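Enquirer: got a sequence here, can you build the structure:
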Amino acid sequence: MSIANRVPETWELSGDEAWETLKRTGRFRLARDAFRRFRASDGTSHSRSMAFMLALLLVQGVIALVAIASMLHQGRLSDLLGETLRTVAPGPAGKVLTDAVDHAHRAGASNSYTVLLIGLVISLLVTACSLMGQVERGLNRLYGIEEDRPTFRKYGRALVLSLTAGSLAVGAFIAIAVGHVAASSFGRGLGLSVWNDARWLVGVFLAIAGTALVFRWSPRRHQPQWSWLMFGAFVSVGLWMVATIGLNAFFRNSASFGQTYGSLAGLIALLLWSFASSVAIFYGGAVTAQLEAVRAGDPAPVDPNDVTDVSDAPREMVSAESPAGSAEGAAR
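Expert: Residues are numbered from 1 along each chain as shown. Prediction:
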């Protein structure tokens, strides 16, 4: 259950108004209030649920891509996919995904149609839709909305978002990772040197566009204009990049991680990466929701009547209602 204050709909807002609101509010205050909104909407639980579906989706998606490569008799494509996963996924998480690539590749072209069918049906129709359904639930709670859409509308929209926002996410993945691998593998001819420099801009733009698309159509409300949502999407992608780089550095420099978890190190790393990615998505959504709440004139992340934790209550309310505060008031 969410106790986050409901955000009024102000769908006419534009990106210019987002920057003006941010300037008036202040970055630190917005970050703090967005964190309070994230907590009040139980964002950690939603992130855990999304992380499980995301990890499952990554493995199934890899198997489906290898099946396509086998069906097209493109073994080089499978090698490129494995190298890409080692480049992007942090530490042991990359090993789990590359092991999935190797296993699917060894299945052979004769089984490619079966593997492709299983991978696409499970990954797209079940896992991807469930993941997007969880995203809708989490974003709704961030906006203070307690009810999701009816089942058929919810998962029908989830399917569309899986195809559209998912395609943008795959495009960002290809631009950043495959661009680097292609440039290093095939040399710097044919303009690959220019692409190797520009791939980050293209990848980040596609990732922000995909995240903004989810923020626009997933919550059960009339959202502001695209330009307004771009700021929260930028926060999500930025946090994801920081989390990925940080986890990669941690896994690379930690000898005890592999010793502690043994053969499960790759699975644990994949789940940690998925959880960090999910937190980044929902916190960016919290920033977007809180920014709109400020612009609508209702900036409180939590309704004071629903506050159950003293740490979430405004300082003035705590001092006024506590015995100590009353004694100080009487003394004055």
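Enquirer: contacts and neighbour counts: CA atoms only from here.
Expert: Noted.
Enquirer: flag the shaky bits of the chain, pLDDT-wise.
Expert: The chain contains residues with pLDDT under 70 at 1, 15, 67-84, 86-87, 101-120, 177-197, 303-332.
Enquirer: for it, which residue occupies the most central location?
Expert: I281 (3.3 Å; Cα atoms, centre = their mean).
Enquirer: doesn't that residue fall inside a helix?
Expert: Yes. I281 sits within a helix when classified using DSSP: H, G, I helix; E, B strand; the rest coil.
Enquirer: list the contacts of it.
Expert: Applying Cα atoms under 8 Å, 6 or more residues apart in numbering to I281 gives the contacts T211, A233, S236, V237, W240.
Enquirer: dump those to a markdown table, plus secondary structure, neighbour count and distance to S218.
Expert: Listed next are the contacts of I281 as a markdown table, based on DSSP: H, G, I helix; E, B strand; the rest coil; neighbours: other Cα atoms under 10 Å; distance: Cα to Cα, whole Å:
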| residue | secondary structure | neighbour count | distance to S218 |
| --- | --- | --- | --- |
| T211 | helix | 25 | 10 |
| A233 | helix | 28 | 13 |
| S236 | helix | 27 | 15 |
| V237 | helix | 22 | 17 |
| W240 | helix | 20 | 20 |
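Enquirer: what about the closest residue to A128 other than its chain neighbours, which SS state?
Expert: Once flanking residues are discounted, A128 sits nearest to S162: 6.0 Å by Cα to Cα, 6 or more residues apart in numbering. Classification of S162 using three-state DSSP returns helix.
Enquirer: isn't S162 right next to T127, touching?
Expert: No. Between S162 and T127 there is no contact under Cα atoms under 8 Å: 9.7 Å.
Enquirer: could you tell me how many residues sit around the residue nearest to A128?
Expert: The burial count assigned to S162 is 22, neighbours taken as other Cα atoms under 10 Å.
Enquirer: now do the same contact list for it.
Expert: For S162, the contact set (Cα under 8 Å, 6+ apart) comprises L124, A128, C129, M132.
Enquirer: what's the helix or strand where the last one lies in contact with?
Expert: Using DSSP states H and E, the secondary-structure element containing M132 is helix 129-142. For helix 129-142, contacts defined as Cα under 8 Å, 6+ apart pick out 1-2, 4, 37-38, 40-43, 46-47, 49-50, 53-54, 146-148, 154-155, 158-159, 161-162, 215, 218-220, 282, 285-286, 289.
Enquirer: three-state assignment of the nearest residue to D42 once chain neighbours are set aside?
Expert: Using Cα to Cα, 6+ apart and skipping residues adjacent in sequence, the residue nearest D42 is S2, 6.4 Å away. Three-state call for S2 (three-state DSSP): coil.
Enquirer: separation between S2 and P299?
Expert: Using Cα to Cα, to the nearest Å, S2 is found at 16 Å from P299.
Enquirer: mind checking which of those two has more residues around it?
Expert: S2 (22 against 19).
Enquirer: thought T98 was touching P90?
Expert: No. Using Cα under 8 Å, T98 makes no contact with P90, being 12.0 Å away.
Enquirer: any chance of the contacts of S162 in TSV, with neighbour count and distance to A293 too?
Expert: Converted to TSV, these look like this (neighbours: other Cα atoms under 10 Å; distance: Cα to Cα, whole Å):
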residue	neighbour count	distance to A293
L124	20	34
A128	27	30
C129	24	29
M132	26	24
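Enquirer: relative to A276, which of the residues you listed is nearest.
Expert: A276 has its nearest neighbour among the contacts of S162 in M132, at 16.8 Å by Cα to Cα.
Enquirer: now do the helices in the stretch 1-150 of the chain.
Expert: Per DSSP state H, counting those that start in this stretch, the stretch 1-150 of the chain carries helices over the ranges 15-25, 27-40, 43-71, 75-88, 92-106, 112-120, 129-142.
Enquirer: and the third one, what does it pack against?
Expert: With contacts defined as 3 or more Cα pairs under 8 Å, 6 or more residues apart in numbering; DSSP states H and E, helix 43-71 has these neighbours: helix 75-88, helix 92-106, helix 112-120, helix 129-142, helix 265-295.
Enquirer: just give me how far it sits from the chain centre.
Expert: Taking the mean of its C-alpha atoms, helix 43-71 sits 13 Å from the chain's own mean (Cα atoms, centre = their mean, to the nearest Å).
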